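> What follows is a predicted protein model with its sequence.
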Amino acid sequence: MNSFVLPLADLAAKETNRFGPKAANLAALVHSNIPTPGGFAVDANAYREQMHHLNLWEAAKGVFGDDDHSARRHANRIRIALLDEPIKKEIQDQVNDIHLKKFNAKPQESICQGCDYKNVCSFKSEIK
């Protein structure tokens, strides 16, 4: 099984190419014993796996076409699918597991404030 989600305390979370600069910088702070809010990093491969799971690679190729109208249509298809479709079980299970370990609670279903789409948010929870 792929590890799509790692705690920031894991040394591998410092890999910028794998987890992005924000997570890598937070992980570096953790390893320097500088106080951080803690948390976890989601591997870029989780995005690639989700794109594959939703059969969106052809649409992704269409984003880079010469026709602006067609490119926007493909980009919107990807955006809507990523927001509306469930996260692949293997990825969601890993997010749930690490969230449960950190907060002793599963992620709560919420409305994403940035886009008003209903989704499972792994970063906000009601800790009881």
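Here it is on my side, so go on. Just so you know, these numbers come straight off a predicted model, no measurement behind them.
> tell me how far the ends of stretch 5-14 are from each other?
Distance across stretch 5-14, first residue to last, is 13 Å (CA to CA, to the nearest Å).
> what sits up against that stretch?
Residues outside stretch 5-14 that contact it (CB atoms under 8 Å, 6 or more residues apart in numbering) are 18-19, 23-24, 26-28, 30-31, 36, 38-43, 46, 91, 94-95, 97-98, 101-102. Glycine gets a C-beta too; all of them are placed from N, C-alpha and C.
> Mind checking which of the residues you listed are buried?
Buried members of these, scored by 16 or more other CB atoms under 10 Å, are 18-19, 23-24, 26-27, 30, 39-43, 46, 91, 94-95, 98.
> In helices, which of the residues you listed appear?
Arg18, Phe19, Ala23, Ala24, Leu26, Ala27, Val30, Ala46, Ile91, Gln94, Val95, Ile98 (DSSP state H).
> Once you drop chain neighbours, what's closest to the fourth one?
Closest residue to Ala24 in three dimensions, ignoring its sequence neighbours and counting by CB to CB, 6 or more residues apart in numbering: Thr16, at 4.3 Å.
> How about the third one?
Leaving aside its chain neighbours, Ala23 sits nearest to Ala41 (3.7 Å; criterion: CB to CB, 6+ apart).
> Tell me the pLDDT of that neighbour.
pLDDT recorded at Ala41 is 91.
> Quick one: distance of stretch 39-47 to the chain centre.
From the chain centre to the centre of stretch 39-47 is a distance of 5 Å (CA atoms, centre = their mean, to the nearest Å).
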